[in-house]
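Visitor: Here's a sequence, model it:
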Amino acid sequence: MVVSPITDSDMPDLEKLMHKYADRPMDFADATLVHLAARELINTVFTVDHVDFGIYRLPRNKRFRVLPLPKPR
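Guide: Model (predicted):
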């Protein structure tokens, strides 16, 4: 596991993401994860937030690979 830093220079990108998904609304934690994934070229996230991460997009409209997979109903 790598802990990637967020600095003041990342804040404008985080704000843009939160405005882009304002209809959700996207919180700071989700904006940070989406931003870091794009910055570090990561497309897999580990979260139980399948709904939001099914909507959020990486550059070039690429979808996230979300783990763990949802349990079948």
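
Visitor: Pull out the buried positions in whichever helix or strand residue 19 is part of.
Guide: Assigned by DSSP states H and E, residue 19 falls within helix 11-20. Neighbour-count burial for helix 11-20, counted by 16 or more other Cβ atoms under 10 Å, picks out 13-14, 17-18. Every residue, glycine included, has its C-beta placed from N, CA and C.

Visitor: what's the span of stretch 59-69 from first residue to last?
Guide: With Cα to Cα, to the nearest Å applied, stretch 59-69 spans 23 Å between its terminal residues.

Visitor: What helix or strand is residue 66 located in?
Guide: strand 65-67.

Visitor: how about that strand: buried residues?
Guide: Neighbour-count burial for strand 65-67 [16+ other Cβ under 10 Å]: residue 66.

Visitor: Could you list the residues in contact with that strand?
Guide: 43-47, 50, 53-54 (Cβ atoms under 8 Å, 6 or more residues apart in numbering).

Visitor: buried subset of those?
Guide: 45, 53.

Visitor: Just the CA atoms of the next helix or strand after the helix holding residue 19, as CSV, please.
Guide: Using DSSP H and E, the helix or strand that follows helix 11-20 in sequence is helix 28-39. Listed next in CSV are the C-alpha coordinates belonging to helix 28-39 (Å, rounded to 0.1, in the frame of the first residue of the first chain):
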residue,chain,number,x,y,z
PHE,A,28,-13.9,15.6,-0.2
ALA,A,29,-12.9,12.0,0.5
ASP,A,30,-14.4,10.8,-2.8
ALA,A,31,-12.9,13.7,-4.7
THR,A,32,-9.5,12.9,-3.2
LEU,A,33,-9.7,9.2,-4.2
VAL,A,34,-10.9,10.0,-7.8
HIS,A,35,-8.1,12.7,-8.1
LEU,A,36,-5.4,10.4,-6.8
ALA,A,37,-6.5,7.5,-9.1
ALA,A,38,-6.3,9.8,-12.1
ARG,A,39,-3.0,11.3,-11.0
